[in-house]
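**Student:** Predicted model follows, preceded by the sequence.
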Amino acid sequence: MNALGPRARGVRRRYFGRLVILVAFAGVWMGAIGWRLLDLQIRDADTYRERAARQQRSEVVLNPKRGTIYDARRRTMAVSVETRTLYAETAKVDDPASLAATIAPLVGRSEERIEALLQKSGHVPLARKLDRDVADGIDLTAFPGLYFLAESKREYPMGSLMAHVLGFVGTDRSLAGLELRYDDEVAGEAVSRHVLRDGQQRLVVVAGSLGEPKAGADLHLTIDATIQHLAERVLRETIESWKAKAGNVVILAPEDSAVLAMASYPAFDPNQFGDFGPDERRNRVIQDSYEPGSTFKTITAAGAFERQVVHADQIMDCGNGFIRVGKARIRDHKPFPELTFRTAIAKSSNVCAIKAGQLVGGETLQQLIATFGFGAATGIDIGGEHPGIVPLRVWDIETTAYASFGHGLAVTPLQLANAYAAIANGGTWNQPYIVKALERDGETVDVRPTGRSRRVISKSTAYQVVRLLEEVVVSGTGRKAAIAGYRVAGKTGTAEKSDSGGYSETGRVAGFVGIAPARAPRLVCLVMIDEPTVATGGGEVAAPAFQRIVSEALFYLGATPSRQPMGWSQPVWLRPAEPAEVKVAKAAGEEDDKGEDTETEGELWTAKASG
């Protein structure tokens, strides 16, 4: 007999039903959780694993220290110093506006910029590469969420010295000069490390290290800072004295075309390169091209001697200062009836240079000019070199005439100086260079160019040309380049600048290129002054600057003074056979003046000439 009454049995059934419902609900709930766990741990495991990794792990790139750049005597020209970069963990910054107002004046940035950076998520750099004294002025304990990381910054301890050669480095990359050209070697090799952090972004462990950063290689230059300083100082003073627009100086060692100095003005400070414009940062020695004017008559003379169509003592008809070539009538800076060729070069006669070029021939002169390296980049180990401009068409009589005295083509200062270096080197052209060695981990690698030399003229011709150029300094337009105790060979030039398809009425380029000592060359120096206004002649403006630079440089280098007085002398065994019509007597109009001639502008009726 059932002990429970109907009422009890009803209650029992109700509780049992409720239990079934509860158990069923719990089963469904547990099933849903199990399904979700299955979904999270199996189906979407990779997705969440990647998300967790992104939150816990980050990759830190450790940049290496850039190599140091040294001059020829191991003076430091560019070096990397340790700085600090200020970072913010933005999640821990409670009041971005207040923090920006406090930090901005300390790091030299605007409040708006700092506050905008603090609106980003994660770890944000607020100020890169702060100097140590600036970083020391920031109390990190007063600013939760801020921290420093070490970075290196490029410094140039000698300021603007050699700036156009060295170039400069921006925040994260090289931008110009040797810094850019040799960036792969100097920058070194960075490494990456994976950093694990806990939920509060605190560093827990460093994993996956790929080693230490590999420091960059050091560069050893051919440029001597003392000679470079001398060139820059005299160049600046010359430009200021003659109220010129700009200028440049390049000095080469003639035996291998190593660059001993390369100066441009206006100058700039690579430590503050952003404060200067492109014109001030321009390396004019390799990037600017000019019509060379009378300095190019040396190349014409070399062709004439090489072809044996002219002798130094040959009498040449100067046409009383005029010559007609095609439709053009060209005149000298002063009328000469007759001159020997050596005196014509010394007095910078355009007419005689044209006649010598005509004897050489347009095709031969064009080939010789190309052989000397004009119309093509020299290959120097610094970027941005201009190839110059040489007409490629077949040369007619007018093109040949203009080229004979340095018009109708454009050359860079480096190309012209290197052509003179080839003459001083006995007729062998070499590729100029600035970096002589790379050094890393105590090992030095010679990187001087090899296999980039060629003979352009014979030794006999080179000897004759140098003697010809000595006469320019002894009694011609280059007398102000003379250096007491040394034989000097060189050539002046004054060219008008091109302007809107013609020639400028006022713009001149005054130049002088010289070899010293002439008989045992140690230096080839080019001085080029752009748009001088007080005077314009190369002999008046550029030659004295050459004299100042080279006289001090020779003393610094310990060059032995010449034992014989300067003057024209040429061993008989080096003289080429004289053409049948050669006369050797002193020509009419070839006076023995030692101080009256000055180089002035010759004129061209269809284009202006150089003197």
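**Tutor:** The structure has been received and is ready for your questions. If you're wondering where the values come from, they're calculated on a predicted model, not measured in any experiment.
**Student:** what about the nearest residue to Val169 once chain neighbours are set aside, how many neighbours?
**Tutor:** Distances taken as Cβ to Cβ, 6 or more residues apart in numbering place Arg154 nearest to Val169, at 4.1 Å, with adjacent residues excluded. From N, CA and C alone the C-beta is placed, and that goes for glycine too. For Arg154, the count of nearby residues is 21 (other Cβ atoms under 10 Å).
**Student:** Am I right that Arg154 sits in a helix?
**Tutor:** No. Arg154 sits outside any helix when classified using DSSP: H, G, I helix; E, B strand; the rest coil, being strand.
**Student:** List the contacts of it.
**Tutor:** Arg154 makes contacts with Arg66, Ala78, Val79, Ser80, Phe168, Val169, Glu179, Pro270, as judged by Cβ atoms under 8 Å, 6 or more residues apart in numbering.
**Student:** Bridged to the fourth one, which residues?
**Tutor:** Applying DSSP bridges to Ser80 gives these bridge partners: Arg154.
**Student:** got the contact list for it?
**Tutor:** Ser80 sits next to Lys65, Arg66, Thr68, Ser152, Lys153, Arg154, Glu155 when contact means Cβ under 8 Å, 6+ apart.
**Student:** surely the last one meets Asn271?
**Tutor:** Yes. Proximity of Glu155 to Asn271 meets the contact threshold set by Cβ atoms under 8 Å, at 6.4 Å.
**Student:** rewinding a little: put together a markdown table for the contacts of Arg154, with secondary structure on each row.
**Tutor:** Shown next, in a markdown table, are the contacts of Arg154 (three-state DSSP):
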| residue | secondary structure |
| --- | --- |
| Arg66 | coil |
| Ala78 | strand |
| Val79 | strand |
| Ser80 | strand |
| Phe168 | strand |
| Val169 | strand |
| Glu179 | helix |
| Pro270 | helix |
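**Student:** Report how many residues lie close to the residue lying closest to Leu260 once chain neighbours are set aside.
**Tutor:** Of all residues not flanking Leu260 in the chain, Ile251 sits nearest, at 4.4 Å (Cβ to Cβ, 6+ apart). Residues near Ile251, counting by other Cβ under 10 Å, number 28.
**Student:** wait, is Ile251 part of a helix?
**Tutor:** No. Ile251 sits outside any helix when classified using three-state DSSP, being strand.
**Student:** Could I get the full set of strands for the stretch 151-300 of the chain?
**Tutor:** Under the criterion DSSP state E, counting those that start in this stretch, strands of the stretch 151-300 of the chain are mapped to 168-169, 174-176, 191-197, 203-207, 218-221, 246-253, 258-265.
**Student:** Of those, which shows the lowest average pLDDT?
**Tutor:** When the strands of the stretch 151-300 of the chain are compared by mean pLDDT, strand 203-207 comes last with a mean of 50.
**Student:** In contact with Glu189: list those residues for me.
**Tutor:** Per Cβ under 8 Å, 6+ apart, neighbours of Glu189: Pro64, Pro213, Lys214.
**Student:** If any of these are buried, put those into a ChimeraX selection.
**Tutor:** Buried residues within the contacts of Glu189, by 16 or more other Cβ atoms under 10 Å, are selected in ChimeraX with:
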select :64
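**Student:** Next one: the residue nearest to Val169, what pLDDT does it get?
**Tutor:** Looking at Arg154, its pLDDT reads 86.
**Student:** for Arg113, same thing?
**Tutor:** 78.
**Student:** So what's the residue count around the nearest residue to Glu115 once chain neighbours are set aside?
**Tutor:** Spatial nearest neighbour of Glu115, chain neighbours left out: Ala100 (3.9 Å); criterion: Cβ to Cβ, 6+ apart. Per other Cβ under 10 Å, the neighbour tally for Ala100 reads 22.
**Student:** And Ala100, which helix or strand is it part of?
**Tutor:** helix 96-107 (DSSP states H and E).
**Student:** Need the contact partners of that helix.
**Tutor:** Contacts for helix 96-107 (Cβ under 8 Å, 6+ apart): 86, 88, 90, 93, 110-115, 118-119, 126-127, 130, 134, 137-138, 143, 146.
**Student:** The same query, at a cut-off of 10 Å, please.
**Tutor:** Contact with helix 96-107 is made by 86, 88, 90, 93, 95, 109-119, 126-128, 130, 134-135, 137-139, 142-146, as judged by Cβ atoms under 10 Å, 6 or more residues apart in numbering.
**Student:** is it true that Lys214 touches Ala190?
**Tutor:** Yes. Counting by Cβ atoms under 10 Å, Lys214 touches Ala190, with 8.3 Å between them.
**Student:** Quick one, grab the pLDDT at Gln570.
**Tutor:** As predicted, Gln570 sits at a pLDDT of 41.
**Student:** same question, Val390
**Tutor:** Listed pLDDT for Val390 reads 95.
**Student:** Which residue comes closest to it once chain neighbours are left out?
**Tutor:** Distances taken as Cβ to Cβ, 6+ apart put Gly375 closest to Val390, at 3.3 Å, once the chain neighbours are dropped.
**Student:** Just give me the neighbour total for the one you found.
**Tutor:** By other Cβ under 10 Å, the residues close to Gly375 number 18.
**Student:** Surely it touches Leu368?
**Tutor:** No. In this structure, Gly375 is not within contact of Leu368 by Cβ under 10 Å, at 11.6 Å.
**Student:** distance of Val124 from Ala101?
**Tutor:** Val124 sits 17 Å away from Ala101, going by Cβ to Cβ, to the nearest Å.
**Student:** Quick one, which of the contacts of Glu189 has the minimum pLDDT?
**Tutor:** Scoring these by pLDDT puts Pro213 last, at 72.
**Student:** Over to the nearest residue to Asp499 once chain neighbours are set aside. Which of the three states is it?
**Tutor:** Spatially, and ignoring its direct neighbours in sequence, Asp499 is nearest to Gly507 (6.5 Å; Cβ to Cβ, 6+ apart). The three-state label given to Gly507 by three-state DSSP is strand.
**Student:** pLDDT value on the residue lying closest to Asp256 once chain neighbours are set aside, please?
**Tutor:** Excluding the flanking residues, the one nearest Asp256 by Cβ to Cβ, 6+ apart is Asn430, at 5.3 Å. Turning to Asn430, the model gives it a pLDDT of 97.
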